[in-house]
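[1] Quick one: sequence plus predicted model below, questions after.
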Amino acid sequence: MIQKNHIKPLLIGILVIGAILFFSPFNLTKSIQTANAKSGLRNGLTPEEKGTIALFKHNNPAVVYISTVKHVINPYTRDIREVPSGTGTGFIWDTQGHIITNYHVIKGHKSAKVRLKNKKTYTAKVIGHSKRHDIAVLKLQDSADLPNPIQPGTSKDLSVGQQVYAIGNPFGLDHTLTTGIISALGRTISNRSMDMDNLIQTDAAINPGNSGGPLLDSAGRLIGMNVAIYSPSGASAGIGFAIPVDSVNRVVPNLIKNGRFIQPIVGISANDTANRLVLKELGIKGVLILQVSPSSPASKAGLKGSQLVNGDLVLGDVIQAIGNEKVEDMNDFLNIIEKHQLNDTITLKILRNGTKRMNIPVTLFMQ
């Protein structure tokens with residue numbers, strides 16, 4: 001028989017036990033899920049997730065899977081068959097059926113297979129490339145009923161920390177989305193025989209097969225083309241690089257029109273080896289002119305190349321700036337020159353005879 005004075009403690013104990021059972025991890029999680037569902041916070045998706053999904057759905061159809069093949073002869077039957085050579089990513093550039101990718105994806109090939117999101121495979125002809133920029137343009141033989149191109153953005157106003165999205169075909173896993181941020185801007189990496197500079201660095205996972213794919217901003221606009229990773233293992237280590245879309249916008253129309261990248265010329269020969277061996281020893285920064293081509297813009301402007309006089313090397317002019325932009329190596333020089341057009345007049349700031357500073361106007365020809 002329970003005494004009256006024991007009822008209150010008993011009730012309190014029952015309530016405590018009930019609370020413990022009700023707010024157990026299972027019930028607590030279930031209660032939170034129920035509350036979130038009722039409040040509309042999650043019918044599984046946050047506003048940010050919905051935005052990412054919409055971005056992917058809108059741009060994904062314009063991303064293509066590129067594969068190249070090589071022909072192999074059977075030594076016994078003499079039959080010729082196609083075997084896979086390489087794969088990569090590309091994206092639709094315009095409504096005329098032009099596809100953009102990296103040069104190294106199609107290097108050594110005149111055509112490639114292009115597979116769209118709808119699983120249809122097309123044959124595309126390589127119509128132009130620039131090894132220097134690692135950009136190539138392909139043209140589909142059949143461009144009817146293609147998805148809309150990706151909307152181009154700009155890369156001149158990018159900021160470290162802003163969200164980015166990469167779509168590609170890493171390890172052959174087509175139409176894969178990865179996300180991250182811009183980790184750095186203006187990066188330079190060694191690209192086989194020469195440097196590539198002014199690259200976007202991102203921690204969005206970029207792996208073999210992502211090359212040539214689009215890098216997008218949070219509005220779904222194209223801000224770059226994925227080109228490389230930095231990794232001892234060959235897999236993503238959180239350091240990827242993309243060519244800025246402003247560079248792509250400058251190079252691609254040139255390739256479509258001419259089949260190769262045609263840029264204005266000054267008419268000098270120079271190289272970074274001479275700069276390192278000679279100018280570094282003298283404590284001078286710039287590009288040493290080794291030779292001046294006859295009848296070139298440089299020749300008409302009176303620029304001087306290096307020459308032997310009585311067995312002694314007389315150094316030529318050293319280009320230290322073009323307009324207000326400093327020049328410390330050939331990459332600087334070429335990057336500035338290619339921004340200009342036929343008949344543009346530029347001002348070269350040079351050092352002559354190691355002591356005399358001069359401003360030389362040069363009117364550019366086309367290569």
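    Okay, I see it. All figures in this text were calculated on a predicted structure; none of them were measured in a lab.
[2] From now on I want contacts and neighbour counts done on CA atoms only, so please keep to that.
    Noted.
[3] Could you confirm Ala54 falls within a helix?
    Yes: the assignment for Ala54 is a helix, going by DSSP: H, G, I helix; E, B strand; the rest coil.
[4] What distance do you get for it to Ala219?
    10 Å (CA to CA, to the nearest Å).
[5] and what of Asn310?
    65 Å.
[6] And those two? Which one has more around it.
    Ala219 (14 against 7; other CA atoms under 10 Å).
[7] okay but Gln341 is in contact with Gln263, surely?
    Yes: counting by CA atoms under 8 Å, Gln341 does reach Gln263; the two are 7.4 Å apart.
[8] ok, and the closest non-adjacent residue to Leu177?
    In space, and not counting its chain neighbours, Leu177 is closest to Ile167: 4.7 Å by CA to CA, 6 or more residues apart in numbering.
[9] Same question for Leu55.
    Per CA to CA, 6+ apart, closest to Leu55 is Gly220, 5.5 Å.
[10] Equivalent analysis for Ser299, please.
    Val292 (6.1 Å).
[11] Can you identify the element that follows the helix or strand containing Ile181 toward the C-terminus?
    Per DSSP states H and E, Ile181 falls inside strand 176-191. Next along the chain after strand 176-191, taking DSSP H and E as the criterion, comes strand 194-202.
[12] That next one pairs with which strands, parallel or anti?
    strand 176-191 (antiparallel), strand 240-244 (antiparallel) (DSSP bridges).
[13] could you dump the last one to CSV, C-alpha only?
    Read that as strand 240-244. Presented in CSV, the C-alpha positions along strand 240-244 are these (Å, rounded to 0.1, in the frame of the first residue of the first chain):
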residue,chain,number,x,y,z
GLY,A,240,43.5,22.3,-59.0
PHE,A,241,44.0,25.0,-61.7
ALA,A,242,41.8,26.5,-64.4
ILE,A,243,42.4,28.8,-67.3
PRO,A,244,40.5,32.1,-66.7
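[14] Need the residues that contact it.
    155, 198-206, 215, 223-230 (CA atoms under 8 Å, 6 or more residues apart in numbering).
[15] how about Val245, phi and psi?
    phi -60, psi -30 (degrees, to the nearest 10).
[16] Over to the one 10 residues further on?
    Summarising the backbone geometry of Leu255 under the convention degrees, to the nearest 10, its torsions are phi -70, psi -40.
[17] now swap in the one 3 residues further on and tell me
    Backbone dihedrals for Asn258, given as degrees, to the nearest 10, come out at phi -110, psi -10.
[18] Tell me the confidence at it?
    At Asn258, the model reports a pLDDT of 90.
[19] go on, Gly316?
    Gly316 is assigned 93 on the pLDDT scale.
[20] so it sits in a strand?
    No: going by three-state DSSP, the assignment for Gly316 is coil, not a strand.
[21] contacting residues around it?
    Contacts of Gly316 by CA under 8 Å, 6+ apart are Leu288, Ile289, Leu290, Gln291, Lys304, Gly305, Ser306, Gln307, Arg352, Asn353.
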